[in-house]
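Q: give me a model of this one.
(2 chains)
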Number of protein chains: 2
Amino acid sequence: MDRRDMEATTTGRMAVLLQHLTPTTSSIVSSLHPLPCLGFTPAEFNSDPPSFDLLSMRKLLDGHNIEERDAVFKLMESSDLFILKHIGGDIFLGADYNQPMEAQRSITMDRIHFLLRKGVFRGWLTNDDLQFAFERSAVHESLGTFDHSLGIKLGVHFHLWGGAVKYLGTERHHRKWLQATEDYVVKGCFAMTELGHGSNVRGIETVTTYDTSTQEFVVNTPCESAQKYWIGGAANDATHAVVFSQLHINGRKEGVHAFIVQIRDGKGQVCQGVKIADCGHKIGLNGVDNGRIWFDNVRVPRENLLNSVADVTANGEYVSSIKDPEQRFGAFMAPLTFGRVTIATSAVYMAKIGLATAIRYALTRRAFSPSPDVPEVLLLDYPSHQHRLIPLLAKTYAASFAANQLKKIYVNRTPADAKTIHVLSSGYKAMFSWHNVKTLQECREACGGQGLKSENRIGQLKAEYDVQLTFEGDNNVLMQQVSKALIGEYFAAKKKGKPLIAFGLKHVNIVNAPAQTSHSSSVLQSKDFQIALFQLRERDLLHRLVANISGQMSQGSSVADALLKNYHLAEDLGYAFSERCVLETFIAVEEEKTHSSIKSLLEWLRALYILSSIDENPVFLRYGYITPKQAQAIQSEITRLCMELRPQALALVDAFGLPRGLLGPIAFDWIKYNSWEHVENRGKDEKSSATFLASL
Amino acid sequence: MDRRDMEATTTGRMAVLLQHLTPTTSSIVSSLHPLPCLGFTPAEFNSDPPSFDLLSMRKLLDGHNIEERDAVFKLMESSDLFILKHIGGDIFLGADYNQPMEAQRSITMDRIHFLLRKGVFRGWLTNDDLQFAFERSAVHESLGTFDHSLGIKLGVHFHLWGGAVKYLGTERHHRKWLQATEDYVVKGCFAMTELGHGSNVRGIETVTTYDTSTQEFVVNTPCESAQKYWIGGAANDATHAVVFSQLHINGRKEGVHAFIVQIRDGKGQVCQGVKIADCGHKIGLNGVDNGRIWFDNVRVPRENLLNSVADVTANGEYVSSIKDPEQRFGAFMAPLTFGRVTIATSAVYMAKIGLATAIRYALTRRAFSPSPDVPEVLLLDYPSHQHRLIPLLAKTYAASFAANQLKKIYVNRTPADAKTIHVLSSGYKAMFSWHNVKTLQECREACGGQGLKSENRIGQLKAEYDVQLTFEGDNNVLMQQVSKALIGEYFAAKKKGKPLIAFGLKHVNIVNAPAQTSHSSSVLQSKDFQIALFQLRERDLLHRLVANISGQMSQGSSVADALLKNYHLAEDLGYAFSERCVLETFIAVEEEKTHSSIKSLLEWLRALYILSSIDENPVFLRYGYITPKQAQAIQSEITRLCMELRPQALALVDAFGLPRGLLGPIAFDWIKYNSWEHVENRGKDEKSSATFLASL
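A: Predicted coordinates:
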């Protein structure tokens, strides 16, 4: 490690001077020195000052409602319900995971109760203003950064239960339930998943029939695999459930519909015919009371059918304006789409917490020195450590812009956007939740042992957020569904003899655009090269997949079977599509009127994001989209870009706008926080192993 | 999915017949049916019978002492201390993670106490018979499969504390401490790591001086960053510590030495001058009481220096038979080597638990069907799901053979083996612990929501074993150290003008052996092709690294700096070396006199291991070791091998010899286990939210 790199900056020179002026760590001190070791310097001291306006960058990253986000952080910092510990006058927010699940559930509800009293949820279901939708998102996202259990409890109650009532129900349901939900007079849950059916909602086994004589629906769990499972809120608190069930009426199976079923009365007693059990302890998310539900001839009024999609008349006639059962099913799945949008967004925030902590720590932690008489080297001054963290930072910036864009499209949606939203939310949900878990894992390892302490958050977040990879649709299944949609559009366009234009796929119509083979730095970093390369990948994979599928179909295979056989290409294509969309969004952000200091940083970040994606994904070399020479040059570019960005790494994570209290102690003066004077209950630390010793 | 594939086997045909004979899941049942849904069939029913002898395969995998392993499993099954739950007459072993850390620590010690009384640890430090070393390993490995906290508490006490006394101490230490340790009369811990120094042991800041007048060493913590940190056993239980400290004597800094320091008395009171604090709640491993230790003028007798490497005479003269301080330091680090060997081995066992559970589940869980009137498809009948799990199974077989080989070398070691053991244990510790975490993550996702339940073990094991990636040496640092050793040997051989032969590197002397470019199936699967390719990778990376380092040194860079700059190549080379060693071991196992039925399976497994490693690692294409055509053909080979192995997947995990009780409920009849009749406290499930509702 060249000392020249370190000394190039004023701060570097000061660090070296300071080291010469202070006693070395090997001088003998005969009694415990009360001051922290002089080896610690703050991250700010080991970085360049920001080269850009932090608030402007934050606005790009957060997208909207900065004030409301900060207000939520302040609110949490004002209450002991959200404070994990005070150390030396500093506050650290966080849930206490050293608690059995009942205690975690209980305090999660206390937090919700507190926020309710503060009016935080006012309008969440009754205010239909588009701008308010953004405000609500901002508040929900900020609450979610505190603890996933809190985010999920609110998401289930407001967006799954509440969203189902709102978008699958009609006026009579809105009048009866929306305000009551906002006020937590009723507590809702979303009973879709069953023990035997998760991703395959079509196959759920709960059965509902209609009793014309009493004008009631009768809900039943016909076998054990049909029990509702993983129903957040059901184990302890929920009074009402949206129950997804097969509807059998007039001798026909009309498919999956949604019914409101009360499961607990006002005193918290489980209703007649309903059985509830606990899903038990989980690897994380233990503040959410996931439950299991059985229905035994549970009767609900006819009006409880959420009837915006289909209805049953008083005398038992099934009616629907949507003739196609597939389309009806799709309409009932609508509440899940917003779930995917929020998952994609919250995943990005957790990656931000991980990176802000790990990068700050890497700017204060030293390990190994080239020779005994020079200071040990900061972790983030190692090229290898830079390579572990800074590309993830670049990808998180990219994901942040893309998630915001998806959110915008969703909030402002028209029916014409439905397909795009479905495909984009599926791809982004998969990609960003995977990115989050991968980022948190790397950040945990980059922080060594400190990454294992719950108070430092990173490690615990892995367990809390792992669920994102499989709920609301398994990620692998979602990626395959993205490909399926692209293939569908391709064949549909071909059938009509028209060029393919949906999903931004216009470039697919280009015939034989050769790849750029130059491996010069300026070419590799140019956005024209990068866009062309990502389009090439998407185009070529799509054509290969289409060719394989067509070939197998001509030999008798079904489309579905052919897609399953070509799972490699299908997964690669889903990823290629998603990444191409992220790149386009990133370039759009760059091209907006942004200050030149931000613009140049965004260019570097975008280049690093793209080049590291290329470097890590064998598909580019496997199909010859790049040459081995380009691949080797790309590795050097990545190393160089990491080095260029390192002086601004702190600024880039400070731009996330996360409050200090949301990062773990290792993001700051971890020597001070670990000092003896801050040990809780110090002096009372004699643990009595007397009993054990006596028993030997 | 071709029904032909499914029906090709007798079991497949039976499954289809059965489905036709049973009522469909959509038939209306008006009351709760007490029987599980007929959709469940056991894994055995959906697999071919084993094509090989399971016990023979287990002997290859476990390597030694099968009886002792089974005896340990039986012992655990006999005690409520190890049983997590009974469901329907079946026992499931496991720790209860829904407990605060104090309870987890307490019951971990209860378990140790139980095992101690049963004589399980007899001879662990006093029996020097080589065969017994294998028996002890077998017992420790089996205990570790129950819970990592148990494995770590025993490892710290016996192998770190006990190992330090044994191998760094001399006869006076053995007499005083070994039997007492075996009997738990003393409880030991290993105080090496400090707040400011983990991987860089050379830089630790604890200081020990010598008082000639009293013939005592005086131990001090000179500043907060010098506090001992992560010391397993220290927070609650340990009475004694091996303290690693700088030794300052006669005005010289003699480097890191090891001293026995008592930290608690017989009544459990912390000794004078010693301060102890807790490391706090962790993301896992909460059954281990990790502590922090400060020393303030703590005096220990001169005899407490562990003096096999160096000594201090009564009148304060420092003496050592090892003149080179570097070599002396290496000798003090010796206890860590066995730690790496055990980490590599235990990591493999956890991957086995994950795969046995996930593969069994995938042989019973169905999701989606090509059309509504056929049964949903078993997860493991999807090519994509096969690709997620079966290559990991192949790699786990490879790792199992390699870990056993390392263990054999270690137990039978002579001084000449020291370098090999150091390099191999470093590479394997990194590779197998990463493999384990990656496998557990994939298995958790492959099990969907069920993978999140603590009782199903997979998800929880991720948190419990994550520590392996960074303790006993950070994995990334270890891989770089492997490369450093190889480079060192290369330059040393060049200097002497001799061919390179250490570490199996003879093939490096070959000049320009061209790569095989054929992409035929028979070539790709042949072991000659695979060995040649892995040697090519290792050789080429070594030469590139040497060339870069030499070039940079000629421009004034130090070797160390040059290695840091070339971190890409250094990490790739470390991996290439480790994988080449694993391949050689695998081939050696194949070539032993094994029954032909096992041999052919091993060939497939080895091919799948190698080909998927090639497929996932961009290095092969980046440097042209394979062509794009070969890469594409390799993908097809992988898919084909997975399909070939699928009918034997169950047998291959049954061959692990893990007892039923160590796998989670989802490995068996998960519908029965989740049925209402097995719900604990059923009927008492009314949770009172009355208080909350009343407070609104």
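
Q: run through chain A and note the low-pLDDT ranges.
A: Applying pLDDT under 70 to chain A flags residues A:1-38, A:511-514, A:593, A:682-696.

Q: ok, so what distance separates residue A:137 from residue A:70?
A: 15 Å (Cβ to Cβ, to the nearest Å). Just so you know, the C-beta spots here come from the backbone N, C-alpha and C atoms, and that holds for glycine as well.

Q: which residues does the residue sitting nearest the centre point of chain A contact?
A: Per Cα atoms, centre = their mean, the C-alpha nearest to the average position across chain A is that of residue A:347, at 1.8 Å. Neighbour list for residue A:347: A:399, A:403, A:432, A:433, A:435, A:436, A:465, A:468 [criterion: Cβ atoms under 8 Å, 6 or more residues apart in numbering or on different chains].

Q: the fifth one: neighbour count?
A: Residues within reach of residue A:435, counting by other Cβ atoms under 10 Å in any protein chain shown, total 21.

Q: and what of the second one?
A: Each residue near residue A:403 was counted by other Cβ under 10 Å, and the total is 28.

Q: and residue A:106, what element?
A: Residue A:106 belongs to helix A:101-117 when assigned by DSSP states H and E.

Q: contact partners of that helix?
A: By Cβ under 8 Å, 6+ apart, helix A:101-117 touches A:75, A:79, A:81-82, A:95-97, A:99, A:121, A:143, A:147, A:149-150, A:153-154, A:183-184, A:236-237, A:281-282, A:286-289, B:98, B:692, B:695.

Q: counting only helices, which of the contacts of residue A:347 make the cut?
A: Of the contacts of residue A:347, the ones assigned to helices by DSSP state H are A:399, A:403, A:432, A:433, A:435, A:436, A:465.

Q: thought the last one was touching residue A:436?
A: Yes. When contacts are counted by Cβ atoms under 8 Å, residue A:465 is listed as touching residue A:436 (6.0 Å).

Q: overlap in contacts of those two?
A: Both residue A:465 and residue A:436 are contacted by A:347, A:350, under the criterion Cβ under 8 Å, 6+ apart.

Q: those two: which is more packed in?
A: Using other Cβ under 10 Å as the criterion, residue A:465 and residue A:436 rank with residue A:436 on top: 29 against 24.

Q: how close does the more buried one get to residue B:54?
A: 40 Å.

Q: about what we covered before: and the contacts of residue A:347, which is closest to residue A:552?
A: Lowest distance from residue A:552 to the contacts of residue A:347 (Cβ to Cβ) belongs to residue A:433, with 31.3 Å.

Q: for residue A:206, phi and psi?
A: phi -60, psi 140 (degrees, to the nearest 10).

Q: which non-adjacent residue is nearest it?
A: residue A:245 (4.0 Å; Cβ to Cβ, 6 or more residues apart in numbering or on different chains).

Q: check the secondary structure at the one you found for me.
A: At residue A:245 the chain is in strand, as set by DSSP: H, G, I helix; E, B strand; the rest coil.

Q: so it touches residue A:257, yeah?
A: Yes. Here residue A:245 lies in contact with residue A:257, judged by Cβ under 8 Å, at a distance of 6.4 Å.

Q: residue of the stretch 51-200 of chain A closest to chain B, please.
A: As assessed by Cβ to the nearest Cβ, chain B sits closest to residue A:98 within the stretch 51-200 of chain A, at 4.0 Å.

Q: quick one: contacts for the residue nearest to that residue when sequence neighbours are not counted?
A: Ranked by Cβ to Cβ, 6+ apart and with sequence neighbours excluded, the top spatial neighbour of residue A:98 is residue B:281, at 4.0 Å. By Cβ under 8 Å, 6+ apart, the contact set of residue B:281 is A:96, A:97, A:98, A:453, A:454, A:455, B:101.

Q: my read is that the fifth one contacts residue B:283, right?
A: Yes. With contacts counted by Cβ under 8 Å, residue A:454 reaches residue B:283, the gap being 6.1 Å.

Q: residues shared between the contacts of these two?
A: residue A:460.
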